[in-house]
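Student: heads up, no residue letters with this:
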């Protein structure tokens with residue numbers, strides 16, 4: 001059975017389940033959910049705890065033996081299994097299936113996994129966990145949800161802030177939820193309960209945003225100039241390789257070309273998105289971008305990406321970061337929609353050597 005993360009507190013108050021599985025890619029939320037389950041277990045008398053951290057040399061018989069052996073010192077025990085790789089292997093998969101078929105009595109088991117893709121979720125061991133206990137997927141907080149999440153955290157410490165201040169905090173900590181949690185706690189330590197001013201927040205909250213290339217790609221597709229500039233600048237500051245950024249943007253452009261071409265020929269959008277291997281919320285973003293930008297602009301952008309590749313590799317002259325910025329501006333500036341610009345925007349001082 002699956003439940004949402006926000007349903008966990010009520011579930012723990014009303015139900016007793018011998019097996020919980022957490023999986024996702026947001027460490028802070030995973031940690032908090034696991035702590036809630038462990039605290040609940042202690043309150044219910046699961047006083048003995050056995051911790052197993054799985055690596056490639058792990059002996060899965062230890063888990064099976066832990067479930068079969070009754071404790072001499074406590075009536076109830078908790079088994080805490082952590083699989084950082086998300087891949088238990090063939091032996092581990094069979095052990096998990098066996099464990100789930102006969103859950104040990106007087107035992108609460110917590111299994112923690114990273115994000116598991118669709119292929120991983122179709123495996124027998126993962127389905128066994130889903131069928132035998134409560135499974136809780138932990139999703140990252142999306143950018144548009146972050147101000148609300150910060151607001152709820154402030155309320156818990158009897159503080160509040162106006163929407164502009166909440167958005168400021170969100171911009172500073174985007175992509176780094178653990179840092180967001182720390183900054184919110186800092187506000188709670190430095191200021192009393194009540195309303196926080198923007199100046200108070202600005203003086204405390206550091207710029208700890210962490211970006212990835214997919215956020216840059218999304219900003220490019222949605223035509224968000226300010227966000228594209230902020231994310232690209234952040235990636236440069238973090239030392240991300242320009243070639244990695246270019247590869248991601250170029251692949252996105254190719255996907256948009258394929259989608260737009262298919263749309264122009266009357267193909268179903270769902271089929272085009274599946275063929276382009278675009279999933280989830282990014283489907284809407286990609287489809288909107290493909291409809292907004294014409295084939296000439298997309299093909300010219302791809303040609304510019306080829307030039308930037310030469311700049312990065314030293315075959316052509318120019319500034320790679322400036323060229324990446326200009327590539328993104330093709331999609332974010334209003335003049336780029338629906339048609340190609342009068343001329344390609346070149347990399348600064350770009351020329352073949």
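Tutor: Yes, it's here. Computed from a predicted model, the values in this text were never measured in an experiment.
Student: I'd like the next helix or strand past the host helix or strand of residue 307.
Tutor: In the assignment (DSSP states H and E), residue 307 maps to helix 295-312. Per DSSP H and E, the first helix or strand lying C-terminal to helix 295-312 is strand 316-317.
Student: what packs against that following strand?
Tutor: Helices and strands touching strand 316-317, by 3 or more Cβ pairs under 8 Å, 6 or more residues apart in numbering; DSSP states H and E, are helix 295-312, strand 351-352. Every residue, glycine included, has its C-beta placed from N, CA and C.
Student: about what we covered before: pLDDT (mean, whole number) over the helix holding residue 307?
Tutor: Summarised as a single mean, pLDDT over helix 295-312 is 93.
Student: Can you give the distance from that helix to the centre of its chain?
Tutor: How far helix 295-312 lies from its chain's middle: 28 Å, per Cα atoms, centre = their mean, to the nearest Å.
Student: Can you give me the buried ones in it?
Tutor: 295, 297-298, 300-302, 304-305, 307-312 (16 or more other Cβ atoms under 10 Å).
Student: And that helix, what does it pack against?
Tutor: helix 242-264, strand 316-317, helix 320-332.
Student: let's see it at 6 Å
Tutor: helix 242-264, helix 320-332 (3 or more Cβ pairs under 6 Å, 6 or more residues apart in numbering; DSSP states H and E).
Student: Look at residue 18 and say how many residues are nearby.
Tutor: Taking other Cβ atoms under 10 Å as the neighbour definition, residue 18 ends up with a count of 15.
Student: okay but it is in contact with residue 103, surely?
Tutor: Yes. Taking contacts as Cβ atoms under 6 Å, residue 18 lies within contact range of residue 103: 4.9 Å.
Student: re the thing from before, most tightly packed of the helices and strands packed on helix 295-312?
Tutor: helix 320-332 (a mean of 22; mean count of other Cβ atoms under 10 Å).
Student: distance between it and the chain's centre?
Tutor: Relative to the mean C-alpha coordinate of its chain, helix 320-332 is positioned 25 Å out (Cα atoms, centre = their mean).
Student: model confidence over that helix, on average?
Tutor: Helix 320-332 comes out at a mean pLDDT of 90.
Student: Below-threshold pLDDT in the protein: ranges please.
Tutor: Along the chain, the model assigns pLDDT under 70 to residues 69-75, 333-353.
Student: coming back round to it: can you tell which of the helices and strands packed on helix 295-312 is closest to residue 215?
Tutor: For these, the distance to residue 215 is smallest for helix 242-264, at 10.2 Å, taking Cβ to Cβ.
Student: What are the contacting residues of the closest one?
Tutor: Residues from elsewhere that reach helix 242-264 (Cβ atoms under 6 Å, 6 or more residues apart in numbering): 213, 217, 272, 276, 289-290, 295, 298, 301-302, 305, 308, 312, 320.
Student: picking up where we left off before, can you lay out the buried residues of helix 295-312 as TSV showing distance to residue 84?
Tutor: Shown next, in TSV, are those (distance: Cβ to Cβ, whole Å):
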residue	distance to residue 84
295	44
297	43
298	40
300	44
301	39
302	38
304	40
305	35
307	41
308	36
309	35
310	40
311	38
312	33
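Student: coming back round to it: okay if I get the helices and strands packed on helix 295-312 as TSV plus distance to residue 235?
Tutor: Converted to TSV, these look like this (distance: least, Cβ to Cβ, whole Å):
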stretch	distance to residue 235
helix 242-264	6
helix 320-332	9
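Student: Show me the one of the ones you listed that comes nearest residue 171.
Tutor: helix 320-332 (17.2 Å).
Student: thinking again about what came up before, between the helix holding residue 307 and helix 320-332, how many degrees?
Tutor: Helix 295-312 runs at 170 degrees relative to helix 320-332, counting by axes from the mean of the first three to the mean of the last three Cα atoms, to 10 degrees.
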